[in-house]
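A.B. asks: Give the three-dimensional model of this entry:
(chains A and B)
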Protein chains: 2
Amino acid sequence: MTTGLLEHLATGTPSLLNRLHRSLNQAMRSPAYREKLGLSRADEVTNLDRFAELPFLTKEDLRRHSPFGLCCADEQEIVRVHSTSGTTGDPVVIPYTARDVETFAALMARALSMAGMTDGDRAMVTPGYGLWTAGIGFQTGVERLGACAIPTGPIAMEMQMAFLRKMNPSYLIGTASMALLLGETIRREGLTPSLKGAILGAEQWGDGRRAVIERLLGAKTFDIYGMTETYGPGIAIECACQEGLHYWDDLFYFEVIDPATGTVLPEGETGELVITTLVKEGLPLIRYRTRDLAAILPGTCRCGSPYPRISRILGRSDDMITYRGVNLFPSSVEKLVAETPGLGSEFRIVLTTEEGKDCLDLEVERSCDGGDEPAKDLARKMKMTLSALPRVRLLPPGGLGREMKKTRRVFDNRSR
Amino acid sequence: MTTGLLEHLATGTPSLLNRLHRSLNQAMRSPAYREKLGLSRADEVTNLDRFAELPFLTKEDLRRHSPFGLCCADEQEIVRVHSTSGTTGDPVVIPYTARDVETFAALMARALSMAGMTDGDRAMVTPGYGLWTAGIGFQTGVERLGACAIPTGPIAMEMQMAFLRKMNPSYLIGTASMALLLGETIRREGLTPSLKGAILGAEQWGDGRRAVIERLLGAKTFDIYGMTETYGPGIAIECACQEGLHYWDDLFYFEVIDPATGTVLPEGETGELVITTLVKEGLPLIRYRTRDLAAILPGTCRCGSPYPRISRILGRSDDMITYRGVNLFPSSVEKLVAETPGLGSEFRIVLTTEEGKDCLDLEVERSCDGGDEPAKDLARKMKMTLSALPRVRLLPPGGLGREMKKTRRVFDNRSR
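C.D. replies: Numbers count the residues shown, from 1 in each chain, chains lettered A, B, ... in the order given. Got it, this is the predicted structure:
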């Protein structure tokens, strides 16, 4: 199994700079990529400071050159494509070589293993398949470990429950929204699930939701990270310590930058995560701006793993709300909601314009019956952040509805 | 690639009887399966006549013992399940070992290769993923060949067209209904597709539809066969001769029986196909009644392949309509429609009861403008088969609507 998890890459360890050179050489096989990088030879990058001067790669670059402008393998080597936006608009196509598919399976198996999965487990795989990377990525990782994949995908909740009852999975894989909905359904139907763990990703979810989901499922949750551009999910995951996500530094080089200036930030500081792939062939990423906000964590984890860690994702740089001159992330609101007694984990921020002024309404689900105290409490806490008192409206548990995929937290209806 | 396509199984060739013994031994690892077979040792089956006395396995057996009653591998060896009825009712779960997943990929690659696919091709994979076997089965086969999979799955037609335009696939994989709909859309939008082949299965489709689809797509069509119980699709496929489907006799033993009596029929006679798997581990099939009607074809194919052939599937035994004492298959109607000038390939049989008597209405699409002659012509032809004159109603091209998955041909609204 060691080889299957790519641990051999860590032996004979070439230096980070050597690995970056290898990846640059791969990227420079595409004329458009070479032009973008502005290099004639990879070894012009003589150290990490010089590397940090290379231009960023953006989603817009990928879109402009889709499907094969930035492809760095011969077209005959490409065995699969996935797409970052399968349902709407112009699809951004990411090509994979056979080795990329193999690396994806191996890194996913490593991630699942870090969440405690073994060959005796059964995992219900609820993310989408087909153009999306998540379904097939999780499935091949589960199979690689010798565990059993139950590939329900995003079918209706009634059928999810049928498979849950029939197959008794020990792991749930999906979004936090899916886990919440499934957990509430399990409790409503009076089932006692036999889940040990839930591996949840693809949307930002904080400690408030974590507590609710862990209680409903009776299982430990593991935040997992990744995106189609980086093979898919599985490039970072929490261990049982739940103190940040371990990432695979033999496969990826992570930087954190100030999203406004592009300057690389030191360890411990939060900014935008920038990812460079070290062994990807089809579409290697050199300094890819993820738009995800996180910090590289200093020190080593209590679990003893040699893999370094990032913080949980605090949001996307595009999620930031500017309200009366103050910058606000939904994750900060989630944190305040979680700290307020009498409230559940689910909320919605609604922004409107009234008489030319920004207004912020907060709709929050209660966790139990009671008076209006939680609303006043939350409004007071919000005022310290916002320097304006929001209107808080309390709803009964489940009052905001539920999503199977990702939950939308912000509804910005302001006039521009 | 030879090893990857399992050709090594054909070398050192153990006799068919040895292979059947091996599969019986595997089946007898499940106590329920052993009881069902009524054997104490596999070698009690001393010849093929004795094998033909073994009881049939039915879908109902699979359902009753689902998920693991008939599982013949240790549960730890199971890496995946698929389901034969994922969207409605009580799912029938089929377990796969890692070797089953590998065999499935290899036999699919062999099938695609027989349809002319090579590592330079791009294949749009439109069947469903997740609980369904087809999507992931086709995808792994395409990747195994080194061709490029475009895993659109059953997304909306607008997005299928976006990927068709963007990715220029050389093969389309899906149902005949999907191919028809895509072909009509391509023509409506005035595109010239660069398709070489279309690999179509999962529903019965005859020569009428084949001609229409080949014209619309400008590509050769290849009928492919299989079902979840037999790993999935890919256990038989047409070669370029289009004179029956080659099946893999190193992996499967095919019999054809009289569906009424269960007697094995000789080569060339049409009956119900009964399949025994030779290397399947998770849920081996011993004399599985497929309900599909076909014949084993005598002689060898012009293409020179050593693999034997079955006819195309003529329908399912449960599709048979009994109309005023006459047995009728939709495939016979399809054949008559195809032979009638002025008609398209699409039709629908509607059965009702009027004044206590069975009535048969045939709704058929025209292929072009014109008078009522095609309706009269078809009714005359039908009368020779039915000994009753059906009512034929002509509709404009596309008048019956289109399905992306399977097309329903029979609407039986008779009172019982």
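A.B. asks: hang on, A:Ala211 is in a strand, isn't it?
C.D. replies: No: going by DSSP: H, G, I helix; E, B strand; the rest coil, the assignment for A:Ala211 is helix, not a strand.
A.B. asks: gap between it and A:Lys335?
C.D. replies: The gap separating A:Ala211 from A:Lys335 is 12 Å, by C-beta to C-beta, to the nearest Å. Bear in mind the C-beta positions are built from the backbone N, C-alpha and C, glycine included.
A.B. asks: And for A:Leu191?
C.D. replies: 31 Å.
A.B. asks: Looking only at neighbour counts, state which of these two leads.
C.D. replies: A:Lys335 (17 against 12; other C-beta atoms under 10 Å in any protein chain shown).
A.B. asks: Can you give me the domain assignment for chain A?
C.D. replies: A:1-317, A:320-412 (automatic domain parsing).
A.B. asks: between these, which gets nearest to B:Thr407?
C.D. replies: Checking these against B:Thr407 by C-beta to C-beta gives domain A:1-317 as the closest, at 21.9 Å.
A.B. asks: for the domains of chain A, which one ends up most surrounded?
C.D. replies: Burial of the domains of chain A is given as mean neighbour count (mean count of other C-beta atoms under 10 Å in any protein chain shown); domain A:1-317 ranks first at a mean of 20.
A.B. asks: model confidence over that one, on average?
C.D. replies: For domain A:1-317, mean pLDDT rounds to 93.
A.B. asks: Report the rounded mean pLDDT for the lengthiest strand in chain A.
C.D. replies: For chain A, the strand with the greatest residue count under DSSP state E is strand A:343-354. Here strand A:343-354 scores 91 as its mean pLDDT.
A.B. asks: Name the next helix or strand following it along the chain.
C.D. replies: strand A:357-366 (DSSP states H and E).
A.B. asks: what does the helix or strand following that following strand contact?
C.D. replies: Sequence order places helix A:373-386 as the next helix or strand after strand A:357-366, per DSSP H and E. Contacts to helix A:373-386, defined as C-beta atoms under 8 Å, 6 or more residues apart in numbering or on different chains, come from residues A:323-324, A:326, A:328, A:332-333, A:336-337, A:339-343, A:360, A:362, A:364, A:366, A:389-394.
A.B. asks: re earlier: would you reformat the domains of chain A as TSV and include distance to B:Arg80?
C.D. replies: Below are the domains of chain A laid out as TSV (distance: least, C-beta to C-beta, whole Å):
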stretch	distance to B:Arg80
domain A:1-317	5
domain A:320-412	22
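A.B. asks: So which of those is nearest B:Val92?
C.D. replies: domain A:1-317 (10.1 Å).
A.B. asks: Is A:Thr276 in a helix, a strand, or coil?
C.D. replies: strand.
A.B. asks: wait, it sits on A:Leu285?
C.D. replies: Yes: between A:Thr276 and A:Leu285 there is a contact at 6.0 Å, judged by C-beta atoms under 8 Å.
A.B. asks: Which residues are in contact with A:Ser331?
C.D. replies: A:204, A:206, A:314-315.
A.B. asks: In strands, which of the contacts of helix A:373-386 appear?
C.D. replies: Per DSSP E, these map to strands at A:323, A:326, A:328, A:343, A:360, A:362, A:364, A:366, A:391-394.
A.B. asks: Identify the farthest-apart pair in those.
C.D. replies: Once C-beta to C-beta is applied, these give A:Val326 and A:Arg366 as the farthest pair, at 26.7 Å.
A.B. asks: From chain B, how far off is the spatially closest residue to A:Thr103 that is not a sequence neighbour?
C.D. replies: Residue nearest to A:Thr103 in three dimensions, not counting chain neighbours: A:Val279, with 6.0 Å by C-beta to C-beta, 6 or more residues apart in numbering or on different chains. Separation of A:Val279 from chain B (C-beta to the nearest C-beta, to the nearest Å) stands at 18 Å.
A.B. asks: Which of the helices or strands spans A:Val279?
C.D. replies: Using DSSP H and E, no helix or strand contains A:Val279.
A.B. asks: where do the helices sit along chain A?
C.D. replies: Along chain A, the segments classed as helices by DSSP state H run A:16-27, A:31-37, A:48-51, A:59-65, A:98-114, A:134-145, A:157-167, A:176-188, A:207-217, A:330-338, A:373-386.
A.B. asks: A:Glu281 against A:Arg99, yeah?
C.D. replies: Yes: if you go by C-beta under 8 Å, A:Glu281 and A:Arg99 touch, sitting 5.5 Å apart.
A.B. asks: Can you report phi and psi for A:Ala266?
C.D. replies: Just so we're on the same page, residue A:266 is Pro rather than Ala. phi -70, psi 160 (degrees, to the nearest 10).
A.B. asks: Can you name every helix or strand that the longest strand of chain A contacts?
C.D. replies: Secondary-structure packing of strand A:343-354 (3 or more C-beta pairs under 8 Å, 6 or more residues apart in numbering or on different chains; DSSP states H and E): helix A:207-217, strand A:321-323, helix A:330-338, strand A:357-366, strand A:410-412.
A.B. asks: closest one to A:Met227 among the ones you listed?
C.D. replies: Of those, nearest to A:Met227 by C-beta to C-beta is helix A:330-338, at 17.8 Å.
A.B. asks: my read: A:Met159 touches A:Thr152, true?
C.D. replies: Yes: if you go by C-beta under 8 Å, A:Met159 and A:Thr152 touch, sitting 6.9 Å apart.
A.B. asks: Please report phi then psi for whichever residue of the stretch 201-350 of chain A sits closest to chain B.
C.D. replies: Nearest residue of the stretch 201-350 of chain A to chain B (C-beta to the nearest C-beta) works out as A:Gly282 at 10.1 Å. Note on A:Gly282: backbone dihedrals following degrees, to the nearest 10 are phi -60, psi -60.
A.B. asks: Chain neighbours aside, what residue packs nearest to the residue of the stretch 301-416 of chain A found nearest chain B?
C.D. replies: Proximity to chain B, evaluated over the stretch 301-416 of chain A using C-beta to the nearest C-beta, is greatest for A:Met404 at 13.5 Å. Leaving out its chain neighbours, the residue that sits closest to A:Met404 by C-beta to C-beta, 6+ apart is A:Met178, at 5.3 Å.
A.B. asks: for that neighbour, what are its contacts?
C.D. replies: Counting by C-beta under 8 Å, 6+ apart, A:Met178 has contacts A:126, A:154, A:172, A:200, A:404-405.
A.B. asks: contact partners of stretch A:187-198?
C.D. replies: By C-beta under 8 Å, 6+ apart, the residues outside stretch A:187-198 that reach it are A:115-117, A:121, A:161, A:164-165, A:168-174, A:179, A:186, A:213-214, A:216-222.
A.B. asks: The residues you listed: which ones sit near chain B?
C.D. replies: Among the contacts of stretch A:187-198, no residue sits close to chain B (C-beta under 8 Å from any C-beta of the partner chain).
A.B. asks: angle of the longest strand of chain A against helix A:176-188?
C.D. replies: Taking axes from the mean of the first three to the mean of the last three C-alpha atoms, to 10 degrees, one finds strand A:343-354 and helix A:176-188 inclined to each other by 130 degrees.
A.B. asks: And A:Gly244, its phi and psi?
C.D. replies: Dihedral angles for A:Gly244 - degrees, to the nearest 10 - are phi 110, psi 170.
A.B. asks: distance of it from A:Ser311?
C.D. replies: In terms of C-beta to C-beta, A:Gly244 sits 6 Å off from A:Ser311.
A.B. asks: A:Asp207 reaches A:Ala338, doesn't it?
C.D. replies: Yes: using C-beta under 8 Å, A:Asp207 is in contact with A:Ala338, at 5.6 Å.
A.B. asks: Now for A:Gly244 and A:Ser311: what residues contact both?
C.D. replies: Contacts common to A:Gly244 and A:Ser311, judged by C-beta under 8 Å, 6+ apart, are A:Leu297.
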